[in-house]
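Enquirer: sequence below, structure please.
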Amino acid sequence: MAEATFDVVVVGSGAAGMTAALTAADRGLSVLVVEKDRYFGGSTARSGGAVWAPHNEVLRRANSGDSPEKAATYLRHLIGDEIAADRREALLSHGPDMVSLVLRRTPLKLKWIPGYSDYYPETPGGTPQGRTLEPEPFNGKLLGDELANLQPPYLPAPAGITVTAAEYKWMNLIARHPRGMLTSAKVGLRRVVSLATKRPLLALGQALAAGLRAGLLRADVPVWLNSPLTELHVEEGAVTGVRVQRRDEEVLVRARYGVIMAAGGFEKNERMRKQFQREPIGTDWTVGAESNTGDGIEAGQRLGADVDLMDDAWWGPSIPLPRGPYFCLSERNLPGCILVNAAGQRYVNEATPYVDAVHAMYRGHETGVSHIPSWLVADQRYRNNYTFAGLPPRQRFPRRWYEAGIVHTARTLDELAAKIEVPADQLRATVQRFNGFAEKGADEDFHRGESAYDRYYGDPRLPNPSLAPLEVAPFHAIKVVPGDLGTKGGLRTDARARVLREDGSAIPGLYAAGNASAAVMGSTYAGAGATIGPAMTFGYVAALDLVAKAEN
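Expert: Residues are numbered from 1 along each chain as shown. Prediction:
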């Protein structure tokens, strides 16, 4: 058996793993990253690339109004006792230093998205101005040949098109607001320049993953692709390395100080999802990376590691399109649509944070009334005014969506009800009641549009940016299922990112971060980037603990 030795071995090349590797290398340790997939970047590269790490230097320079005290108050009220206080404190105390390290050791540039509110901005300590960072467009040439190994985005864009999260909000309003036209023109010009200069620009999760990988290239940290973990290596009760399959042979990679598990969640493992999560569930409804099958979690369990939050995920209402699921980020918030169950009734504030929308979907489904699938019902004015799942305003839904039963269109609500098999009288009553709320600008049933988060993706030209009546035929119904960005449960860890046994003792030499670990957010979701920001922070924390171990 071939062997190799490093100070630290990191399993997984998403944001958590690459940040951990970058931190260890910055402190002088030798590091290897092993990656199961043929691509690096994991689910990070398929994501929006947002980073939630309160009171970092980017927010301070922008005078965002954030403070450690506000952030601590927010998490205390939001998460409560579900997660140990010292883990919340570790996130807040180390997050700013993590961001500074990334900015110092990579070519990434991060910027604040002012106005992209926390998901619960009215909670004490929450802020409607938000704490979310995103990468600026990144020059892919800085990766050289490694660019070909970057995990593709879950929604491929035409060559040269680069859209940031801040721009996405306004491009949805291209038919409604001058800023939408200006933003679209800016994106178009950027594409022309990118193609003319043969300078590939990356945005969102692609930019974040590429920037971190560029930092590892600068630090001479090797990343072994196509090298799946087969087992953790243990000596005298401590994890001292990993066994990986590489180039048709098993390789023992020894780790002098420890192993950091950052191999992602188990969203693509049907067996694990059925074991731990509620039905109906679909491994084809997730936008997570194909390689996320829970290998790292199960490797830890074989050593006696405890797990937590295995029944939860980073949920989001999603449209099961033929080419793959579309995660509904803004479509539910835009005025002129409602979400109904099989009884033709609304059951949630459609604009609520996406994890809460799916929690409501499952709770409703357990009552005996089918909520899976649900139907997003909209009128033609909604389609005339707003971008939908990448389709420009007024553009017809593709024929293949109709053929797959994902979209139905009818001249009347009664005809639409028949097509989606819901009671016509109830659907009519639901729309009539909602239209009354829209006319008044206040949703008396579910308070849609009252939160700053609800309004972020809304239409600023309306009194309540999230409400408009459904009146203009034809009417459309789009199938919606409980999709996700990845699973939320995994190995239980402490404030030092050490993996714990059921009795609370740490497994020597084993650490975890990202979706391989149980989320510090518990069952909630603080804001955009509250997946990636904590993943990177606890990768950073794990590496610091190993650095301290090496120094001692």
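Enquirer: now do the worst-scoring helix or strand of the chain on mean pLDDT: which elements does it pack against?
Expert: Scoring the helices and strands of the chain by mean pLDDT, DSSP states H and E places helix 178-197 at the bottom, with a mean of 91. Here helix 178-197 touches helix 165-171, going by 3 or more C-beta pairs under 8 Å, 6 or more residues apart in numbering; DSSP states H and E. To be clear about C-beta, it is placed using only N, CA and C from the backbone, and glycine gets the same treatment.
Enquirer: report the contact partners of the closest residue to A24 other than its chain neighbours.
Expert: With C-beta to C-beta, 6 or more residues apart in numbering as the criterion, A24 has its nearest non-adjacent residue at 4.2 Å, and that residue is A543. Shown in contact with A543 (C-beta atoms under 8 Å, 6 or more residues apart in numbering): 8, 19-21, 23-24, 27, 29, 260.
Enquirer: just give me the closest of the residues you listed to A417.
Expert: For the contacts of A543, the closest approach to A417 (C-beta to C-beta) belongs to T19, at 49.8 Å.
Enquirer: other SSEs contacting the helix or strand harbouring the closest one?
Expert: T19 belongs to helix 15-26 when assigned by DSSP states H and E. Helix 15-26 is packed against strand 2-11, strand 31-34, helix 85-105, helix 204-218, helix 532-551, with contacts defined by 3+ C-beta pairs under 8 Å, 6+ apart.
Enquirer: out of these, which gets nearest to I420?
Expert: Closest approach to I420 among the helices and strands packed on helix 15-26 (C-beta to C-beta): helix 204-218, 32.8 Å.
Enquirer: give me the helices and strands touching that closest one, please.
Expert: Counting by 3+ C-beta pairs under 8 Å, 6+ apart, helix 204-218 packs on helix 15-26, helix 85-105, strand 132-135, strand 138-139.
Enquirer: which of those sits most buried?
Expert: helix 15-26 (a mean of 30; mean count of other C-beta atoms under 10 Å).
Enquirer: off-centre distance for it?
Expert: Centre-to-centre, helix 15-26 and its host chain are 20 Å apart (C-alpha atoms, centre = their mean, to the nearest Å).
Enquirer: quick revisit: for H177, which of the helices and strands packed on helix 204-218 is the nearest?
Expert: H177 lies closest, by C-beta to C-beta, to one member of those: strand 132-135, at 20.8 Å.
Enquirer: what lies in contact with the closest one?
Expert: Outside strand 132-135, the residues within contact range by C-beta under 8 Å, 6+ apart are 48-53, 56, 58-59, 99, 108-113, 116, 164-166, 203-204, 207-208, 211, 527-529, 533.
Enquirer: filter the residues you listed down to the buried ones.
Expert: Buried members of the contacts of strand 132-135, scored by 16 or more other C-beta atoms under 10 Å, are 48-53, 56, 58-59, 99, 108, 110-113, 116, 164-166, 203-204, 207-208, 211, 527-529, 533.
Enquirer: which residues of the stretch 251-400 of the chain fall in strands?
Expert: Under the criterion DSSP state E, counting those that start in this stretch, the stretch 251-400 of the chain carries strands at the ranges 307-308, 313-321, 324-327, 337-340, 374-379.
Enquirer: dump these to a markdown table, plus distance to Q301 and mean pLDDT.
Expert: What follows is the strands of the stretch 251-400 of the chain, written out as a markdown table (distance: least, C-beta to C-beta, whole Å; pLDDT from 0 to 100):
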| stretch | distance to Q301 | mean pLDDT |
| --- | --- | --- |
| strand 307-308 | 7 | 98 |
| strand 313-321 | 18 | 98 |
| strand 324-327 | 28 | 96 |
| strand 337-340 | 37 | 98 |
| strand 374-379 | 34 | 98 |
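Enquirer: what's the helix or strand for R176?
Expert: For R176, there is no enclosing helix or strand under DSSP H and E.
Enquirer: and the gap between it and Q206?
Expert: Computed as C-beta to C-beta, to the nearest Å, the R176 to Q206 distance reads 28 Å.
Enquirer: tell me which of these two has more neighbours.
Expert: Using other C-beta atoms under 10 Å as the criterion, R176 and Q206 rank with Q206 on top: 28 against 21.
Enquirer: can you pull the contacts of the more buried one?
Expert: 41, 45, 49, 138, 150, 153.
Enquirer: I'd like the strands of the stretch 251-400 of the chain as a markdown table, with distance to A90 and mean neighbour count appended.
Expert: As requested, those are exported to a markdown table (distance: least, C-beta to C-beta, whole Å; neighbours: other C-beta atoms under 10 Å):
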| stretch | distance to A90 | mean neighbour count |
| --- | --- | --- |
| strand 307-308 | 16 | 20 |
| strand 313-321 | 20 | 24 |
| strand 324-327 | 29 | 20 |
| strand 337-340 | 37 | 25 |
| strand 374-379 | 37 | 25 |
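Enquirer: P124: which of the ones you listed is closest?
Expert: With C-beta to C-beta as the criterion, P124 lies closest to strand 313-321 of the strands of the stretch 251-400 of the chain, at 23.9 Å.
Enquirer: which helices and strands does that closest one pack with?
Expert: Strand 313-321 is packed against strand 324-327, helix 354-365, strand 374-379, strand 475-487, with contacts defined by 3+ C-beta pairs under 8 Å, 6+ apart.
Enquirer: nearest to E415, out of those?
Expert: Ranking those by proximity to E415 (C-beta to C-beta) places strand 475-487 first, at 8.2 Å.
Enquirer: the helix or strand just after the closest one - what's its average pLDDT?
Expert: Scanning forward in sequence from strand 475-487 by DSSP H and E, the next helix or strand is strand 490-491. For strand 490-491, mean pLDDT is 98.
Enquirer: other SSEs contacting strand 490-491?
Expert: By 3+ C-beta pairs under 8 Å, 6+ apart, strand 490-491 packs against helix 295-301, strand 307-308.
Enquirer: what about 7 Å?
Expert: Helices and strands touching strand 490-491, by 3 or more C-beta pairs under 7 Å, 6 or more residues apart in numbering; DSSP states H and E, are helix 295-301.
Enquirer: tell me which residues are up against the helix it packs on.
Expert: For helix 295-301, the external contacting residues (C-beta atoms under 7 Å, 6 or more residues apart in numbering) are 11-12, 36, 228-229, 231-232, 261, 263, 266, 307, 490-491, 499, 510, 512, 516.
Enquirer: can you select the buried ones among those for me in PyMOL?
Expert: Burial among the contacts of helix 295-301 is assessed by 16+ other C-beta under 10 Å; the matching PyMOL selection reads:
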select buried, resi 11+12+36+228+229+232+261+263+266+307+490+491+499+510+512+516
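Enquirer: ok so, going back, closest to G486 out of the strands of the stretch 251-400 of the chain?
Expert: Between G486 and those, the tightest spacing by C-beta to C-beta is seen for strand 313-321, at 5.3 Å.
Enquirer: what angle do that closest one and strand 374-379 make?
Expert: On the basis of axes from the mean of the first three to the mean of the last three C-alpha atoms, to 10 degrees, strand 313-321 is oriented at 60 degrees to strand 374-379.
Enquirer: what is the helix or strand containing G241 packed up against?
Expert: Secondary structure assignment for G241, by DSSP H and E: strand 238-246. Applying 3+ C-beta pairs under 7 Å, 6+ apart, one finds that strand 238-246 makes contact with strand 2-11, strand 229-235, strand 249-261, strand 506-512.
Enquirer: partners of it, with directions?
Expert: Applying DSSP bridges to the sheet, strand 238-246 is found paired with strand 229-235 (antiparallel), strand 249-261 (antiparallel).
Enquirer: now do it and strand 506-512, the angle between them.
Expert: Between strand 238-246 and strand 506-512, the angle comes out at 40 degrees (the same axes, to 10 degrees).
Enquirer: distance to G436 added to the helices and strands packed on strand 313-321, as JSON lines?
Expert: As requested, the helices and strands packed on strand 313-321 are exported to JSON lines (distance: least, C-beta to C-beta, whole Å):
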{"stretch": "strand 324-327", "distance to G436": "31"}
{"stretch": "helix 354-365", "distance to G436": "22"}
{"stretch": "strand 374-379", "distance to G436": "15"}
{"stretch": "strand 475-487", "distance to G436": "17"}
